[in-house]
Every structure is written in structure tokens, then in C-alpha cells.
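Peer 1: this is a predicted model, with the sequence first.
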Amino acid sequence: MDVFWEALYDHFHGKYEPFFMEIYGSIDEHHLERYFRSVAQLSRIEKRIINECYGDILDIGCGTANYFPLLNTQWNVVGIDISEKVIEVAHKMGNTNTMVGNIFSLPHDKKFDTITMFENNIGLAETLEWTKKLLQKLSSLLKPKGQFLIQLSGRVKDKAYAEVELTPIYKGKKWTAFKRINFNKDFLKNLIENEGFSCKIVRGNKYCLFIQAKK
Ligand SMILES: C[S@@+](CC[C@H](N)C(=O)[O-])C[C@H]1O[C@@H](n2cnc3c(N)ncnc32)[C@H](O)[C@@H]1O
């Protein structure tokens, strides 16, 4: 993802160039403006997720954390992202309650009431095996009766899940591909329930919904 982080960093510093993503041979622009939206510009589904949050909150793969001002108003939120460059941008945007780190190596000493994964971030586990490990990690980071909320897009209809490869295209060049896993919503719900959570799917629009899972 190095080039995605670089593109966000460039965009923030006023050096905008379009960023494209190739998936299954089809190329689409991935609009970086979305990571710099104001609270008023957040989508309805993002606001609905934020509405469900309470207490001590951990946001996984927070990126620029542009939605933090809304989460910050009442609760105690902290974001984690694997990229130093992205966290530098988050800090410059005033979202200083964010830190560099890999979710898989975050210690369990602090526990949370709510864990959020916006923009399909469950997919960062890349494979089914690592998704199960991620769900176990979430369980270990939650307080008793804690919850997690996953925004789900890029949905899979005709099978349980799809491990996909995305190739970034930036400054006229193809960069190293990275992996993501996309889920069929019902399969993911079962997977989460098998890890001991109670779980519901909250419908949004035809592109996006969210899953709310409670310990
Ligand atoms: C698609 S962006 C989403 C950013 C943000 N949540 C949003 O909705 O605007 C995914 C982010 O996850 C981060 N990420 C990927 N793998 C990670 C990991 N293992 N631990 C923490 N962050 C990770 C990436 O650096 C990237 O910034």
C-alpha cells in the first residue's frame, strides 16, 4: 500500500494527482478527496455507525481519521494505522489521538467498549484464516459486553468471500499489488457468530451496510 500512503500524503500537501485502482482488469479512480471530507460530508451510513459508538473507542486502519471530530465530541477515541505517513497527515489535520501500529501486534492491556472498522477495513486481514485471527484479536481487545462495528462495501453475492488483488496506478505507473478480502454479508455474520459474538446486519444502501457485533 506504500503508494496509497504516498498519494494521500501528496494530496494533503497540495500535490494532487489522480489515483487509480485496478481490480479484475478493470481500472477505476479511487477518489482521495474522501479522506479529507468534513464531518458534514460524511455519508449517512458512516454517521449511523458513529451514532452506535460509545465509551472507549478504537478505530482500526483510521487513515487520516477525518471522521474523528464527530467521534471525539462525546467519547474517548483512539485510532491505529500501520502507516507512519498517513498518521503524520492525521496529526497535521488535528487528529492527534491516532498512532502508528499494526492491529495484529497491539497489546491487550487496554480494553475498549467499541471497535470500529470503516471503509471495509475487515478486508485488511487479506485471507479467511487471518480474518478469524482478527476477530479473535477484536474479542481480546473488547471489554465484557463490548461491541465492534464493520462498514461493509464491495460485497460478494455469489460466493462466501473473495480474496482480491488490487493494483494501484499513480503518476502513470503501476505499483505493487496488495491483497484484500471481501465478504458475503451472511457468511461474515456466521463467521463472527462462530467466534462467540451476537451479530446483526444493519442495512444501508445497495452499496454499503454495516455489521454490529456484541460480545
Ligand atoms: C481504506 S483505508 C481506510 C481509512 C479510514 N478508515 C477511512 O475510512 O477513511 C485502510 C487503512 O488501513 C490501514 N491498515 C492496513 N493494514 C493495517 C493493519 N494491519 N493495522 C493497522 N492499519 C492497517 C492502511 O494503512 C489504510 O490507511
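Peer 2: Received it, and whenever you're ready, just let me know what you need.
Peer 1: identify the residues contacting the residue positioned nearest the centre of the chain.
Peer 2: Using Cα atoms, centre = their mean, the residue of the chain that lies closest to the mean C-alpha position is residue 121, 3.0 Å off. Going by Cβ atoms under 8 Å, 6 or more residues apart in numbering, residue 121 touches 60, 61, 150, 151. The way it works is simple: take the backbone N, C-alpha and C, and place the C-beta from them, glycine included.
Peer 1: now swap in residue 97 and tell me
Peer 2: The contact partners of residue 97, taken as Cβ under 8 Å, 6+ apart, are 65, 68, 72, 77, 78, 79.
Peer 1: could you rerun that using 7 Å?
Peer 2: When contacts are counted by Cβ atoms under 7 Å, 6 or more residues apart in numbering, residue 97 is found next to 68, 77, 78, 79.
Peer 1: the chain: strands as residue ranges?
Peer 2: Using DSSP state E, the strands of the chain run over 19-23, 26-29, 56-60, 76-81, 98-100, 112-117, 142-152, 161-170, 173-174, 178-183, 198-203, 209-214.
Peer 1: list the contacts of the lowest-mean-pLDDT helix or strand in the chain.
Peer 2: The weakest-scoring helix or strand in the chain, judged by mean pLDDT, DSSP states H and E, is helix 68-72 (a mean of 91). With contacts defined as Cβ under 7 Å, 6+ apart, helix 68-72 is touched by 39, 50, 53, 57, 77, 79, 95, 97.
Peer 1: nearest to residue 104 among those residues?
Peer 2: Comparing the contacts of helix 68-72 against residue 104 with Cβ to Cβ places residue 79 closest, at 15.9 Å.
Peer 1: for the longest helix along the chain, packing partners?
Peer 2: The longest helix of the chain (DSSP state H) is helix 128-141. Judged by 3 or more Cβ pairs under 7 Å, 6 or more residues apart in numbering; DSSP states H and E, helix 128-141 is in contact with strand 112-117, helix 185-194.
Peer 1: I figured residue 100 hits residue 86, correct?
Peer 2: No: counting by Cβ atoms under 7 Å, residue 100 does not reach residue 86; the two are 8.5 Å apart.
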